[in-house]
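> Structure for the following, please:
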Amino acid sequence: MRLYGNDIDDTTTVLESDLGWIVGWKKPEFIGADVLRAQKAGGVSRKLVGFEMQERAIGRHGYEAYVDGQKAGIVTSGTQTPYLKKAIGMAYLPSNRAEVGTEFDIDIRGRRAKAAVVPMPFYKRAR
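Numbering: from 1, shown residues only. You can find the predicted model right below:
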């Protein structure tokens, strides 16, 4: 689930946040149609991904994400899940580094900790 103001806001699009399935693409016009259709055709530069910490650490909202040592994104949410017994969260990463299994670092109070992109389940309506 994406929380408005935390994981999505007025600076993100439904395609960046992997919510393109909620758009009525067959409608001739809707607010933001031109921008969204251009993004759908050309791709997005960043994407919201699910992640799992590979080390004992928790990536929290606002922590910076690094790919190959360079700042590349931001964590939008993260927590320790008692059921799975691991730390998970969501972050925006460059689209070319958003594939499941991609490793990246999260700066946690001055220390970089390893994380990996994992599948993010979401609801899709039957069409």
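
> Tell me where the protein has helices.
Defined through DSSP state H, the helices belonging to the chain, from first to last, are 33-42.

> partners of the residue sitting nearest the centre point of it in the sheet?
The structure's the chain has its C-alpha centroid closest to residue 48; by Cα atoms, centre = their mean the separation is 1.6 Å. When bridges are called by DSSP bridges, residue 48 pairs up with residue 92.

> Isn't it up against residue 89?
No - using Cβ atoms under 8 Å, residue 48 makes no contact with residue 89, being 10.6 Å away. Any C-beta I mention is one placed from the backbone N, CA and C, and that applies to glycine too.

> shared neighbours, these two?
Listed as contacting both residue 48 and residue 89 by Cβ atoms under 8 Å, 6 or more residues apart in numbering are residue 76.

> List the buried residues in stretch 21-33.
Residues residue 23 are the ones in stretch 21-33 that count as buried (16 or more other Cβ atoms under 10 Å).

> returning to that earlier point: which residues does the residue nearest to the centre of the chain contact?
Listed by Cβ under 8 Å, 6+ apart, the contact partners of residue 48 are 2, 7, 8, 12, 16, 17, 18, 76, 90, 91, 92, 120.

> Now the first one: closest residue in space, sequence neighbours ignored.
Once flanking residues are discounted, residue 2 sits nearest to residue 8: 4.9 Å by Cβ to Cβ, 6 or more residues apart in numbering.

> how deep is that neighbour tucked in, by neighbour count?
By the other Cβ atoms under 10 Å criterion, the neighbourhood of residue 8 contains 18 residues.

> okay, it: pLDDT?
Looking at residue 8, its pLDDT stands at 92.

> ditto for residue 125
40.

> same check, this time on residue 114
Predicted confidence (pLDDT) at residue 114: the value is 98.

> Next up, phi/psi of the residue found closest to it once you drop the neighbours it is linked to in the chain, please.
The spatially closest residue to residue 114, leaving aside those adjacent along the chain, is residue 54, at 3.9 Å (Cβ to Cβ, 6+ apart). In terms of degrees, to the nearest 10, the main-chain angles of residue 54 are phi -100, psi -10.
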